[in-house]
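Peer 1: Build the 3D model from these lines:
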Amino acid sequence: MDPIQNPLFREPIGMTFRAKRELMDLSVEDAAKALKFGTHLIEAIEHEEWQKLGAPIYAKSYINSYIKLLGLSEDIRNEIPGMTAAPQLKAITYAKIEPTRRSPKWVLPTVSLIAVAALLVYLNLRQSPSEALSLDALVEQPATPENQAIQAAVVIDGQSNTPETAPKSEALAAAPVKATEMLIRSSQQSWVEVRGKDGSVLFSGTLGGTAEFRQDPAKVGKITVGNASTAEISLDGVKLDISPMIRDEVARFTLSDDGKPTAADPAPTPTLPNE
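Peer 2: The predicted model follows:
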């Protein structure tokens, strides 16, 4: 009988990690110090408590780092649940925010014209018949140089204010229009977390394909996107460039008041109580 036989049952994955670590004469603390993360993450991997590693994007990072430290075959990742299979998409419900209705562009000029006409009528009523300025006559008469001069002068309390002496009105500065909808989507699977300005979680999950997330940018604080090179973030249909914020395929940023993405401090490594 062949003394070397395949085992009837394969050794548990977590035990493989532990056996290799002990063979290298490394303690849990030594391994955690070498990888620069908590001992509870080492213990979670060796006890196969994958849910304690946090979101899938972080779990994959921790497991890959431990595999490289121990010099294990990368094929072991295929035996870990969730490392190869695409994550389940969660149904996302959202309410589309309709942009604020804006006044037509002709409203302001029309109101200004009515105000000028009312002022001329008021001044015409205050003047004597010999000095009265006929609005109809000004409108119907041809635009000769003499008529233009009459129209340009306004008599107030017996004093004539010509264009040179009359006070000039200042043009109203157009207020900047702020974006009313932020859209996040991805051509592939991307893990996304969106927090509000008060730190509350507005969304946490995976986007890809037809799944997308919409929100009022005024309510958005910090945004974290995994697999960021395949993700697209836009404001009212205008795509934002987040490439300067991408580090190791993860982008962390906020939106400034004018809608520009600004790099945010990276989130601290999640800490869990030791077993």
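
Peer 1: Which residues are in contact with residue 50?
Peer 2: Counting by C-beta atoms under 8 Å, 6 or more residues apart in numbering, residue 50 touches 44, 59, 80, 81, 82. For glycine as for every other residue, the C-beta is placed from the backbone atoms N, C-alpha and C.

Peer 1: mind listing which of those are in helices?
Peer 2: Secondary structure from DSSP state H places 44, 59 of those in helices.

Peer 1: Can you say which of the contacts of residue 50 are buried?
Peer 2: Among these, those that count as buried by neighbour count (16 or more other C-beta atoms under 10 Å) are 44, 59, 80.

Peer 1: in the stretch 1-150 of the chain, which segments are predicted with low confidence?
Peer 2: Scanning the stretch 1-150 of the chain for pLDDT under 70 picks out 1-10, 82-106, 127-150.

Peer 1: Distance to residue 258 added to the contacts of residue 50, as JSON lines?
Peer 2: Formatted as JSON lines, those follow (distance: C-beta to C-beta, whole Å):
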{"residue": "44", "distance to residue 258": "43"}
{"residue": "59", "distance to residue 258": "37"}
{"residue": "80", "distance to residue 258": "44"}
{"residue": "81", "distance to residue 258": "44"}
{"residue": "82", "distance to residue 258": "40"}
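
Peer 1: between the contacts of residue 50, which is nearest residue 215?
Peer 2: residue 59 (26.3 Å; C-beta to C-beta).

Peer 1: Which residue comes closest to the closest one once chain neighbours are left out?
Peer 2: residue 53 (3.7 Å; C-beta to C-beta, 6 or more residues apart in numbering).

Peer 1: Please determine how far the one you found is located from residue 46.
Peer 2: 12 Å (C-beta to C-beta, to the nearest Å).

Peer 1: now the strands for this protein?
Peer 2: Under the criterion DSSP state E, the chain contains strands at 154-156, 159-161, 182-186, 190-196, 201-207, 213-215, 220-226, 231-235, 238-239, 246-247, 250-255, 261-263.

Peer 1: which stretches of this protein form helices?
Peer 2: Shown for the chain, the helices assigned by DSSP H span residues 13-23, 28-35, 39-46, 56-70, 107-126, 135-140, 145-152.

Peer 1: do you know which of the ones you listed lies nearest residue 230?
Peer 2: Evaluated with C-beta to C-beta, the helices of the chain place helix 56-70 nearest to residue 230, the distance being 12.8 Å.

Peer 1: Which strands or helices does the closest one pack on?
Peer 2: helix 13-23, helix 28-35, helix 39-46 (3 or more C-beta pairs under 8 Å, 6 or more residues apart in numbering; DSSP states H and E).

Peer 1: Provide the contact partners of that helix at residue level.
Peer 2: Everything outside helix 56-70 that qualifies as a contact, by C-beta under 8 Å, 6+ apart, is 17, 20-21, 24, 31, 34-35, 37, 41-42, 45, 50, 53, 74, 76-77, 80, 82-83, 87, 191, 206, 226-227, 250, 270.

Peer 1: ChimeraX command to pick out the buried ones of the residues you listed?
Peer 2: With 16+ other C-beta under 10 Å as the burial test, the buried ones among these are selected in ChimeraX as follows:
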select :17,20,21,31,37,41,42,45,50,53,76,80,191,206,226,227,250
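
Peer 1: mind giving me CSV with the helices and strands packed on helix 56-70 and columns for distance to residue 64?
Peer 2: Output for the helices and strands packed on helix 56-70, formatted as CSV (distance: least, C-beta to C-beta, whole Å):
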stretch, distance to residue 64
helix 13-23, 12
helix 28-35, 11
helix 39-46, 11
